[in-house]
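Asks: pasting the sequence and the predicted coordinates here, then a few questions.
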Amino acid sequence: MKSGLIILMLFCFLSGGLLAQQRNVIDDEAKVPEYKVPDVLTRFNGGKIKTAKDWYRKQRPEILQKFTQEVYGKVPGVLGIHEVKVWETSPDALNGLAVRRQLSLFFKKGDKSLEVNVLMYLPKSQQKVPVFLAYNFTGNHAVYNDPNIRLTESWVNNDPSVGIINNQVTEQSRATASNRWPVEEIIKSGYGLVTLYYGDVDPDKDDFSDGIEPFFYQENQTHPKFDEWGSIAAWAWGLSRVMDYLEKDDLVDAKKVAVLGHSRLGKTALWAGATDQRFALVVSNESGCGGAALSKRIFGETVQIINTSFPHWFCGNFKKYNNNEADLPIDQHMLLALIAPRPLYVASAEGDKWADPRGEFLAAKYASAVYELLGKEGLPVKEMPEVNHPVMGTIGYHIRSGKHDLTLYDWQQYIRFADKFFR
Ligand code: GTR
């Protein structure tokens, strides 16, 4: 009896302790606690940034360093493309409307090698064309109904409903994500689409034995170090390597590459835009926690939740901020500010509370101070716009009706936004 009581008390004590760690997910604006985000133009040593020169020389490098060290992790070495193999350049895609180019980028180090398949649809043009560069979630062949698209051999998350079995895609998987990729609209608007499967660079699982990370391991190393890249930084690295290729492609205007991503790949697009200033325009589609949404609001998905569900996405150091966002020396508006003065579009969806639409809007708003310092407009509004009422300064924003997804409506806004800067 007595020992039963002790066990019960112990259980209550332990579970109480555990429960205290688990916060309820906040999905009601009234429940957002008091929080304070760092001022993007105040230095970590307290000094104030008043000129564009000081932004570039002092503040930008320090913010970039903090995100590298505490959130996404550093790339542990340098590795260029070993070989480009162009499989085809066909003028007959989309009923003759577009050129389809498929190529592989090969990476090699010691006995390791990796193949990254790139699919390009380009409008026919006398001049080099602007493009959207975007990762896809399940392979290039899923993007468009075209039997000529090569199938990836990389590991893909199982989903028998779209023909992904034993972690391999099949013929049945073709065009299964085409609702997210309005290829004809994109081409008819004068843009190319360059897409690749993110798992070619690093399979999206908590396993650091595959993908690009092991290429940089020292002897007996099995995981990146605490300040070294998680998968998001590895995927961003992959986008930069595609950019290396695009700078040499004879059909693409590498000065007009808009990097775009949805959700986890939106987080990736933002980090790619922050770390590689060759990306002329950045689009974050519903990137949420660890993307465009402020972490310190702890609305929807939190640092603790994301680090638990996806321990491999961020660097080891980011775990220090589980249930401890107040200690973060930065917040995500400062990530957005790293894109300045380049055009940046942040998009949310009304039915995607998990990604905290208001937190995404506020981050865009707070980043505007840097755009203004650099002589650009930033967000043209101070209050969140109505649903389905996009606003476009040098920062664009919309919240559309509907759920977490990448839709034709989203693409139409991105094309309009790109037209403002690329035409
Ligand atoms: C969710 C995750 C989000 C978002 C999303 C996605 O499960 O919680 O942060 O990245 O996945 O990528 O689809």
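Replies: Cool, got the structure. Numbers count the residues shown, from 1 in each chain.
Asks: going forward, measure contacts between C-alpha atoms and count neighbours the same way
Replies: OK.
Asks: list the contacts for residue 167?
Replies: 155-158 (Cα atoms under 8 Å, 6 or more residues apart in numbering).
Asks: for the residues you listed, pick the one with the most neighbours.
Replies: Each of the contacts of residue 167 was scored by neighbours using other Cα atoms under 10 Å; the highest score is residue 156's, at 23 neighbours.
Asks: and it, what pLDDT?
Replies: With respect to pLDDT, residue 156 scores 98.
Asks: closest point of the stretch 151-300 of the chain to the ligand, which residue?
Replies: For the stretch 151-300 of the chain and the ligand, the shortest gap (Cα to the nearest ligand atom) falls at residue 264, measuring 3.6 Å.
Asks: if we ignore the residues flanking it in sequence, what's nearest that residue?
Replies: Nearest non-adjacent residue to residue 264, counting by Cα to Cα, 6 or more residues apart in numbering: residue 287, 6.0 Å away.
Asks: contacting residues for the one you found?
Replies: Residue 287 neighbours (Cα under 8 Å, 6+ apart): 261-267, 293, 355.
Asks: out of the residues you listed, who's nearest residue 301?
Replies: residue 355 (6.5 Å; Cα to Cα).
Asks: burial measure for residue 406, as a count.
Replies: Residues lying near residue 406 (other Cα under 10 Å) number 18.
Asks: list phi and psi for it.
Replies: Backbone geometry at residue 406, expressed as degrees, to the nearest 10, gives phi -120, psi 110.
Asks: do you know how far it is from the ligand?
Replies: Taking Cα to the nearest ligand atom, to the nearest Å as the measure, residue 406 falls 10 Å from the ligand.
Asks: that residue and residue 285 touch, don't they?
Replies: Yes. Counting by Cα atoms under 8 Å, residue 285 is a contact partner of residue 406 at 6.9 Å.
Asks: overlap in contacts, those two.
Replies: Shared contacts of residue 406 and residue 285, defined by Cα under 8 Å, 6+ apart, comprise residue 262.
Asks: residue contacts, residue 73?
Replies: Per Cα under 8 Å, 6+ apart, neighbours of residue 73: 67, 226-230, 233, 314-316.
Asks: confidence score at residue 20?
Replies: The model's pLDDT for residue 20 equals 43.
Asks: now residue 382. Nearest residue, chain neighbours left out?
Replies: Using Cα to Cα, 6+ apart and skipping residues adjacent in sequence, the residue nearest residue 382 is residue 365, 6.9 Å away.
Asks: and that neighbour, which of the three is it?
Replies: helix (DSSP: H, G, I helix; E, B strand; the rest coil).
Asks: and it, how many neighbours?
Replies: Neighbour tally, residue 365, other Cα under 10 Å: 22.
Asks: can you tell me how far it is from the ligand?
Replies: According to Cα to the nearest ligand atom, residue 365 stands 21 Å off from the ligand.
Asks: surely that residue and residue 385 touch.
Replies: No. The criterion here is Cα under 8 Å, and residue 365 misses it with residue 385 at 11.7 Å.
Asks: make JSON lines out of the contacts of residue 167 and add distance to the ligand and secondary structure.
Replies: Below are those laid out as JSON lines (distance: Cα to the nearest ligand atom, whole Å; DSSP: H, G, I helix; E, B strand; the rest coil):
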{"residue": "155", "distance to the ligand": "17", "secondary structure": "coil"}
{"residue": "156", "distance to the ligand": "14", "secondary structure": "coil"}
{"residue": "157", "distance to the ligand": "12", "secondary structure": "coil"}
{"residue": "158", "distance to the ligand": "15", "secondary structure": "coil"}
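Asks: what score does the residue nearest to residue 264 have for pLDDT?
Replies: On pLDDT, residue 287 comes in at 99.
Asks: doesn't it lie inside a strand?
Replies: No. Assessed with three-state DSSP, residue 287 is coil; it does not lie in a strand.
Asks: list phi and psi for it.
Replies: Per degrees, to the nearest 10, the backbone of residue 287 is at phi -80, psi -20.
Asks: contact partners for residue 188?
Replies: residue 123.
Asks: can you pull out the strands in the stretch 201-350 of the chain?
Replies: Under the criterion DSSP state E, counting those that start in this stretch, the stretch 201-350 of the chain contains strands at 252-262, 281-285, 344-349.
Asks: up against the ligand, what does this structure have?
Replies: Selection of the chain residues close to the ligand by Cα under 6 Å from any ligand atom yields 263-264, 288-289, 306.
Asks: now do the same for whichever residue of the stretch 51-200 of the chain sits closest to the ligand: its pLDDT.
Replies: Here the residue of the stretch 51-200 of the chain nearest the ligand is residue 137; by Cα to the nearest ligand atom that distance is 8.9 Å. The score at residue 137 is 98. That number is its pLDDT.
Asks: my guess is it meets residue 200, correct?
Replies: No. Using Cα under 8 Å, residue 137 is not in contact with residue 200, being 10.3 Å away.
Asks: these two: which has the busier surroundings?
Replies: Neighbours were counted for residue 137 and for residue 200 using other Cα under 10 Å; residue 200 has more, 25 against 19.
Asks: tell me the phi and psi of the nearest residue to that one once chain neighbours are set aside?
Replies: The shortest distance from residue 200 to any non-neighbouring residue, by Cα to Cα, 6+ apart, is to residue 116 (5.2 Å). Phi and psi for residue 116, reported as degrees, to the nearest 10, are phi -120, psi 120.
Asks: dump the contacts of residue 287 to CSV, plus pLDDT.
Replies: Formatted as CSV, the contacts of residue 287 follow (pLDDT from 0 to 100):
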residue, pLDDT
261, 99
262, 99
263, 98
264, 98
265, 99
266, 99
267, 99
293, 99
355, 98
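Asks: ranking by neighbours, what's the top pick from the residues you listed?
Replies: Neighbour counts for the contacts of residue 287, by other Cα under 10 Å, peak at residue 293, which reaches 33 neighbours.
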